[in-house]
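**Q** Need a 3D model of the following:
(one chain, ligands or ions: 1)
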Amino acid sequence: MATPLHGQSSSARGITCPTCRKPTAWQDNPYRPFCSERCRLIDLGCWADEEYRVPSQTAAELFETTENNE
Ligand SMILES: [Zn+2]
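**A** Numbers count the residues shown, from 1 in each chain. Next up, the predicted model:
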């Protein structure tokens, strides 16, 4: 008995990341349906603003302000 070869066998199941629309693997992907943890966090709204937090005033600026005081 010969095993007939079917033309198409979809071995890799692919999905599209809802956040960045990148083709993403479904299998062995802990962040599915997202491509990465980052995209997952963005979608969840947990994209912390801490990373973009910038110090409002530097020490130098503070010194300039006090120097002007007479
Ligand atoms: Zn993504």
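
**Q** How much space separates the residue nearest to residue 23 when sequence neighbours are not counted from residue 41?
**A** Leaving aside its chain neighbours, residue 23 sits nearest to residue 14 (5.5 Å; criterion: C-beta to C-beta, 6 or more residues apart in numbering). (Glycine included, C-beta is placed from N, CA and C.) To residue 41, residue 14 is 22 Å away according to C-beta to C-beta, to the nearest Å.

**Q** Then residue 33?
**A** Relative to residue 41, residue 33 is positioned 14 Å away (C-beta to C-beta).

**Q** Likewise for residue 15?
**A** According to C-beta to C-beta, residue 15 and residue 41 sit 18 Å apart.

**Q** does any part of stretch 14-32 sit near the ion?
**A** Yes. For stretch 14-32 and the ion, the contact criterion (C-beta under 5 Å from the ion) is met by 17, 19-20, 22.

**Q** Buried ones in that stretch, by neighbour count?
**A** Using 16 or more other C-beta atoms under 10 Å as the test for burial, stretch 14-32 gives 15, 17, 19, 24.

**Q** Could you double-check that the third one lies in contact with residue 42?
**A** This means residue 19. Yes. Between residue 19 and residue 42 there is a contact under C-beta atoms under 8 Å: 5.2 Å.

**Q** Phi, psi for residue 23 please.
**A** Backbone torsions of residue 23, given as degrees, to the nearest 10, read phi -60, psi 130.
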